[in-house]
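S.K.: Just need the structure, nothing else, for what follows:
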Amino acid sequence: MRYLLPSVFLVALLAMLMLRGYVHSEILADHRVQAPAPTDHVPDAILDGGPVIDARKATAPAKTLRIPDHRIVLTFDDGPDPVWTPRVLDTLKKYDAHGVFFVTGTMASRYPDLVQRMVDEGHEVGVHTFNHPDLSYQSHSRIDWELSQNQLVLAGAAGIRTSLFRPPYSSFADAMDNKSWPVTQYVGTRGYLTVVNNTDSEDWKRPGVPAIIEQATPKGGKGAVILMHDSGGDRSQTVAALGDFLPRMQQEGYTFTNLTTALGAPSAHTPVTGFALWKGKAFVYAVDLSEKLTDVLVAGLAVIGVLVLVRFGLMLLLSFLHSRKVRRRDFSWGPAFHRPVSVLVPAYNERECIANTVRSLVASEHPIEIIVIDDGSTDGTADIVEAMRLPNVRVIRQRNAGKPAALNNGIAHARHDIVVMMDGDTVFEPATVRELVQPFADPKVGAVAGNAKVGNRDSLIGAWQHIEYVMGFNLDRRMYDMLRCMPTIPGAVGAFRRDALDRIGGMSEDTLAEDTDVTMALHRDGWQVVYAENARAWTEAPETVQQLWSQRYRWSYGTMQAIWKHRRAVVERGPSGRFGRVGLPFVALFMVVAPLLAPLIDVFLLYGLVFGPTEKTIGAWLGVLAVQAVCAAYAFRLDRERMTHLISLPLQQILYRQLMYVVLLQSWITALTGGRLRWQKLRRTGVVEAPGAMVSQRGRSNERRPVA
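M.R.: Numbers count the residues shown, from 1 in each chain. This is a model prediction of the structure:
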């Protein structure tokens, strides 16, 4: 289910967008309009006949019908419109007048209640196609589709089907030509009366109320089919003209009636029942759902977009202030910290990396004891360390119990009051420990986050993670440091005051992100957590998509667990309440909620590229990318990294980011469905070594050299 539900969600989202695009004439719409053609193939009886064309009988010639004298059939095209159609209906109701509304499927599906009102108030409804294309360009199958989709909407909106049809872009009968006449014949074979007009108000030109009334007025008491519009733009003049036109013509003895009533024919409406009715209702409901869902998503994206931009600005500002603060010549945490510290290295099957890790620690410029806690390794990890016979290095063996248990075991055996923790696949620079522990000169500091870096960045996926570490992690930590709500001490390089760990009960096994869990617990206990930018550690990042997926899946799920575990901090007082009302919402919004909605940006991007305003879509995406590039470049400058890796940033946004989205979505589903996730061991290669160290001779001569 964790794989199926994200797929179903994305497919459903795409289907909703496609449906919305369909009913907004962004998909499958054809806006071509045929130029006038010769009329020699059109019967004279049609060209000289009335505005109603009956070509339903294949065995008899087509005929036309005229409206009796002193009868007016008002027709309104292109609706219903949520603004103008109700006003038109109100005016007709005021003067007890009826007419025919030729609705498009796109509008009727979005405003079905107006179609129902038309029927309830005694008006007739006609088909004006679904997407309003010029049917002379279309095949018979496309014509059938346009008609059937329109009828589907009428069934769902009002429970009817109709026999009245008006072609888009039509006018008088004498305008029928060799291109439009075959369409009329074909539509007749499908059971429709084709209704054009013989009096055009030209209200679509908005010539003014007097001009509309003059052009709509029949001459000499003749009956008329009058063309007006209740949609397609500003129809205020149409509504105003109706208010004068209806009573004036009624005083002259005219009756405003439905088409079939004027012709003395049965109603054009036929009730729809059974499966056809429910099929129509389902379609209308799906359109309504797609409209509301899209509106919510667009509003959500707008809010998230603003918040993300504000966060980018805040991140740049606070990172700048942090760098100025810690890089001042007179800055210090207090007296230089020289006391020995204990370095804990939890290790499970780390034979490829453990030797490099321990060697890097032995070269430390700060006095340390090294404790390697072998968590039930089956590959001889502990034997490798013991065989090295290095000073100040102890090996503690235990049965496999997990990383938190290994760290707690190491804390119990540590001799010093400051404990540094690292991963078994990480190497330290000689100055790392010294830089990491200096903030402990301030007695209020309970933990320090180091600067974790990707060592194996010579592959594309490694380069992408390198960008993520520098921009997404280290730049964030500067900001969180200034806000005093650092959410995570990285497992690869972090230091803790032993008293602080004792007060919160040590490393917890409640979550899969023990580093985030313990950091939040320290905040709630009143300790300060700070960032040491010069305490650099080089870690081996996952080198395959599967390994990366496993790692980030655990991180995301563990972060959600930690947020949920510490949720009561939101309502507590003191330091816990401060973190709960500042740190927790910040972390939850930008590490859990916002990234979950971020894929929608790419879905809308793809939709805009294919169906929307392509140039504006590309411009918007490039604008967002430019903002990210500025943040990334500044982060690289602060970390003194080469900018060349940023060349892959656009590709990272297209490919790498999608993987992170799906991982987060899967984590959400695992959490909501009550699923459980266990630790997953990543395969290591041991290519990362301390900067300046000789490449290990354990591997073959063609082994890839570490970038670090």
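S.K.: Describe which strands the longest strand belonging to the chain pairs with in its sheet and in which direction.
M.R.: The residue-count maximum for a strand in the chain (DSSP state E) belongs to strand 528-539. Strand pairing for strand 528-539, using DSSP bridges, gives strand 426-428 (antiparallel), strand 445-454 (parallel).
S.K.: name the element Met16 belongs to?
M.R.: helix 4-23 (DSSP states H and E).
S.K.: how about that helix: buried residues?
M.R.: By neighbour count, with 16 or more other Cβ atoms under 10 Å as the criterion, the buried positions of helix 4-23 are Leu5, Pro6, Leu13, Met16, Leu17, Met18, Leu19, Arg20, Gly21, Tyr22, Val23. From N, CA and C alone the C-beta is placed, and that goes for glycine too.
S.K.: of all those, which comes closest to Gln138?
M.R.: The shortest approach to Gln138 among the buried residues of helix 4-23 belongs to Tyr22, at 16.1 Å (Cβ to Cβ).
S.K.: and the longest strand of the chain, which residues are buried?
M.R.: In strand 528-539, counting by 16+ other Cβ under 10 Å, buried: Gln528, Val529, Val530, Tyr531, Ala532, Glu533, Ala535, Arg536, Ala537, Trp538, Thr539.
S.K.: and if you look at stretch 206-217?
M.R.: Neighbour counts over stretch 206-217 (16+ other Cβ under 10 Å) mark Val209, Ala211, Ile212, Ile213, Gln215, Ala216, Thr217 as buried.
S.K.: Which members of those are the farthest-apart pair?
M.R.: Once Cβ to Cβ is applied, those give Val209 and Thr217 as the farthest pair, at 12.7 Å.
S.K.: Tell me the spacing between Ile396 and Gly505.
M.R.: 20 Å (Cβ to Cβ, to the nearest Å).
S.K.: Compare neighbour counts for the two and give me the winner.
M.R.: Ile396 (17 against 10; other Cβ atoms under 10 Å).
S.K.: and the more buried one, what element?
M.R.: Per DSSP H and E, Ile396 falls inside strand 393-398.
S.K.: give the contact list for Tyr531.
M.R.: Contacts for Tyr531 (Cβ atoms under 8 Å, 6 or more residues apart in numbering) come out as His322, Val448, Ala449, Asn451, Asn474, Arg477, Arg478, Tyr480, Asp481, Met486.
S.K.: What residues are bridge-paired with the second one?
M.R.: Okay, so that is Val448. Beta-bridge partners recorded for Val448 (DSSP bridges): Ala495, Val530.
S.K.: Quick check: pLDDT value at it.
M.R.: If you check Val448, the pLDDT there is 97.
S.K.: how deep is it tucked in, by neighbour count?
M.R.: Other residues near Val448 come to 27 when the count uses other Cβ under 10 Å.
S.K.: for the fourth one, same thing?
M.R.: Other residues within reach of Asn451 by the criterion other Cβ under 10 Å amount to 25.
S.K.: surely it meets Asn474?
M.R.: Yes: assessed by Cβ atoms under 8 Å, Asn451 is found in contact with Asn474 at 5.8 Å.
S.K.: what stretches of the protein score poorly on pLDDT?
M.R.: Residue ranges of the chain with pLDDT under 70: 1-3, 5-6, 596-600, 612, 671-708.
S.K.: what residue of it is the furthest out?
M.R.: Within the chain, the residue lying farthest from the chain centre (Cα atoms, centre = their mean) is Gly220, at 61.4 Å.
S.K.: Correct me if wrong, but that residue is in a helix.
M.R.: No: under DSSP: H, G, I helix; E, B strand; the rest coil, Gly220 falls outside any helix and is assigned coil.
S.K.: And it, how close does it get to Ile213?
M.R.: Relative to Ile213, and taking Cβ to Cβ, Gly220 is found at 17 Å.
S.K.: any shared contact partners between Asn451 and Asn474?
M.R.: Common neighbours of Asn451 and Asn474, counting by Cβ under 8 Å, 6+ apart, are Tyr531, Glu533, Asp639.
S.K.: Could you check how far the first one is from Pro487?
M.R.: Spelled out, that is Tyr531. Taking Cβ to Cβ as the measure, Tyr531 and Pro487 are separated by 12 Å.
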